[in-house]
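Trainee: Attaching a predicted model along with its sequence, questions to come.
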Amino acid sequence: EEVLLAAAPELVSAAAAVVVAPGSRLVVYYVLKRQGPSSGGVAAETEHLEVDREAERRETSSSEATSILLRLLCEERLPPHMVPSLFLRIPVLPTTGTGKVSRRELSSRPLPPTCETVQDASEGEEGQACLDKTESLIAEAWGQVLGVTVTSLAANFLILGGDSMAALRVCQQLAQKAAIASDAAGAGGIFGEMLPEALLPAALLRRPRLADFARHLQETMADHFTAGDDSDSAALSTAQILQCQEVPGANFIELLHHSAGAGAAQVVRHVLQRGVPVGGWYDVDKSRRGRTPLHAACANGRAEVVKLLLEAAASISASDSRAVQPLHLAAQGGSKETLSLLIVARAKLEAVDSDRQTALHFAARAGAPKALVDVLLEQGARVGNKPGGGKKAGGGATLVQPSVDGRDSWGRSALHWAVVNGHRTMVSRLLEAGADRNLSDSSSETPLQIAERRAQCTAKDRPEGLGASVFGDIATLLGGSASTARPGK
């Protein structure tokens, strides 16, 4: 306990270690987490249940990052048998009549359901988690797409900075490896339209934890994804572990990516103070062109963490293998404050990714809040006539002149994408900004034609949860027909 308090006094104000049952290997540390600066009391100031739930999810993610840090600190300072199996946060430590911590009372407390089998997890030598075949395939795909090392079953795709397009590339890779895609390239179509339902990007986005997504694939596609080990998966797991072991402080690099996406500002500060590179895996090996902790923080709207990373000289122009910069993910993440921090730090609004999508494209695809879109449009107008076509920005990105009608590799404007994903409010705002409703993409479709097609297609061909009437309403907004009747019906 003294070791833990001395190692992270800024995080923990008190702690007590207990053995849950006599003869058990399960050592639990109950900790009193030191309160950091107020985040604004979002949940306390709103009556909206969904906001409360989001605040709860953020707090859970932050607590997980704190637990990972405390475990790493204990592993550095304690023999293996004394390292806690579990860290649990409680508001107050119970005491005896003499004022001492009541360990008996703590040891008798029931554990959370998900924690009772913590010792049953498969572990290899040195306590490293062993990934089965499916888990290894997923970890490898995440690593290739996001450019980060993934070794934990608790890894979270969204927290690491994943988004819908990254999810599409992961699912396409998995389809190719499992040889289940029906198109000639074996990738399930350009936009995943030929992928099986269980392997659609939405399936990953609904189950962002590696363990949960692996279980989903094993349950729904057992012929292609198995839970068993084989020589290939064992080799992959070993390679991932060795890759981490060869890099000094690798566990803390992984933690920096996780805590940045989780919004655990105190953990991020502690890890940076240890000298961990602010760019994470990107700084360790720039040839990987991976997403940085700043990417992860921006994707998840973690403004406090973004401030910390920028103060530590994080690169605002770092680009992943698809030339996606933090600005793109901030526009998609929905946080006006995060986006504004990057703009103040001189992020380039003209930057496009390898699909030639601008920050406005990312915002349109995600249906970002109007206030955030207003900032993008206003700042884009200020850039005005600045030359850009073909010019290179930092990190390998290309600069183009900002335009509400800027086209990507598929010839689509932000308005096209807002329609494709059924974001009516975004469609309305882009029309107010002068977006061309008659612009045709590479498939010769205008935004109106896309809306009318989606209003009349089958439910499985529309974004999950969106009815035909949503697209009928958008079609009307664009000056067309609101009919949802399929041709020939």
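Mentor: The structure has been received and is ready for your questions.

Trainee: How many neighbouring residues does Ser136 have?
Mentor: 24 (other Cβ atoms under 10 Å). Just so you know, the C-beta spots here come from the backbone N, C-alpha and C atoms, and that holds for glycine as well.

Trainee: What strand or helix carries it?
Mentor: Under the criterion of DSSP states H and E, Ser136 resides in helix 133-146.

Trainee: tell me what that helix is packed against?
Mentor: helix 164-178, helix 210-220, helix 231-245 (3 or more Cβ pairs under 8 Å, 6 or more residues apart in numbering; DSSP states H and E).

Trainee: What count of nearby residues applies to Pro110?
Mentor: Here the count is done by other Cβ under 10 Å, and Pro110 has 8 residues near it.

Trainee: Compute the distance between it and Leu88, please.
Mentor: 11 Å (Cβ to Cβ, to the nearest Å).

Trainee: what angle separates the helix holding Ser136 from helix 164-178?
Mentor: Per axes from the mean of the first three to the mean of the last three Cα atoms, to 10 degrees, the angle that helix 133-146 makes with helix 164-178 is 130 degrees.

Trainee: Grab the CA positions of helix 133-146 and hand them over as PDB.
Mentor: The C-alpha trace of helix 133-146 is given here as PDB (Å, rounded to 0.1, in the frame of the first residue of the first chain):
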ATOM      1  CA  LYS A 133      -6.700 -17.400 -33.300                       C
ATOM      2  CA  THR A 134      -9.600 -15.000 -33.800                       C
ATOM      3  CA  GLU A 135      -8.400 -12.500 -31.100                       C
ATOM      4  CA  SER A 136      -4.900 -12.500 -32.800                       C
ATOM      5  CA  LEU A 137      -6.400 -11.800 -36.200                       C
ATOM      6  CA  ILE A 138      -8.400  -8.900 -34.800                       C
ATOM      7  CA  ALA A 139      -5.400  -7.500 -32.900                       C
ATOM      8  CA  GLU A 140      -3.300  -7.700 -36.100                       C
ATOM      9  CA  ALA A 141      -6.000  -6.000 -38.200                       C
ATOM     10  CA  TRP A 142      -6.400  -3.200 -35.600                       C
ATOM     11  CA  GLY A 143      -2.600  -2.800 -35.400                       C
ATOM     12  CA  GLN A 144      -2.300  -2.500 -39.200                       C
ATOM     13  CA  VAL A 145      -5.200  -0.100 -39.600                       C
ATOM     14  CA  LEU A 146      -4.500   2.100 -36.500                       C
END
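
Trainee: and that helix with helix 210-220, angle?
Mentor: Using the same axes, to 10 degrees: helix 133-146 against helix 210-220 is 130 degrees.

Trainee: which residues of the stretch 51-200 of the chain score low on pLDDT?
Mentor: 51-59, 112-130, 181-188 (pLDDT under 70).

Trainee: Please report the distance of the residue positioned nearest the centre of the chain from Arg302.
Mentor: Centrality entry for the chain: nearest residue to the mean C-alpha point is Leu158, 1.8 Å, by Cα atoms, centre = their mean. Per Cβ to Cβ, Leu158 is found 12 Å from Arg302.

Trainee: Also His361?
Mentor: Distance from His361 to Arg302, by Cβ to Cβ: 22 Å.

Trainee: who's more crowded, these two?
Mentor: A direct count of neighbours by other Cβ under 10 Å for His361 and Arg302 places Arg302 higher, at 31 against 25.

Trainee: so who does that one touch?
Mentor: Arg302 is in contact with 260-263, 265, 296, 335, 338, counting by Cβ atoms under 8 Å, 6 or more residues apart in numbering.

Trainee: quick check, nearest of those residues to Gly467?
Mentor: Ser335 (28.6 Å; Cβ to Cβ).

Trainee: Distance of that closest one relative to Leu372?
Mentor: Counting by Cβ to Cβ, the gap from Ser335 to Leu372 is 7 Å.

Trainee: Check Val419 too.
Mentor: Using Cβ to Cβ, which is the criterion applied here, Val419 is 19 Å from Leu372.

Trainee: Look at those two and report which has more neighbours.
Mentor: Taking other Cβ under 10 Å, Val419 and Leu372 do not tie; Val419 has more neighbours (32 against 24).

Trainee: Apart from its neighbours in sequence, what residue is nearest that one?
Mentor: Nearest non-adjacent residue to Val419, counting by Cβ to Cβ, 6 or more residues apart in numbering: Pro447, 4.5 Å away.

Trainee: Val28: what secondary structure?
Mentor: strand (DSSP: H, G, I helix; E, B strand; the rest coil).

Trainee: And the one 3 residues further on, by the same measure?
Mentor: For Val31, the secondary-structure state derived from three-state DSSP is strand.

Trainee: Next up, the contacts around it.
Mentor: Neighbours of Val31 in contact, by Cβ under 8 Å, 6+ apart: 4, 12, 14-15, 70, 87-90.

Trainee: what about burial for those residues, which qualify?
Mentor: Burial by neighbour count, judged by 16 or more other Cβ atoms under 10 Å, picks out 4, 12, 14-15, 70, 87-88 from these.

Trainee: isn't Gly143 right up against Thr149?
Mentor: Yes. Contact criterion Cβ atoms under 8 Å: Gly143 and Thr149 qualify, at 6.0 Å.

Trainee: Between these two, point out the one with more neighbours.
Mentor: In this view Gly143 and Thr149 are compared by other Cβ under 10 Å, and Thr149 has more residues nearby, 25 against 20.
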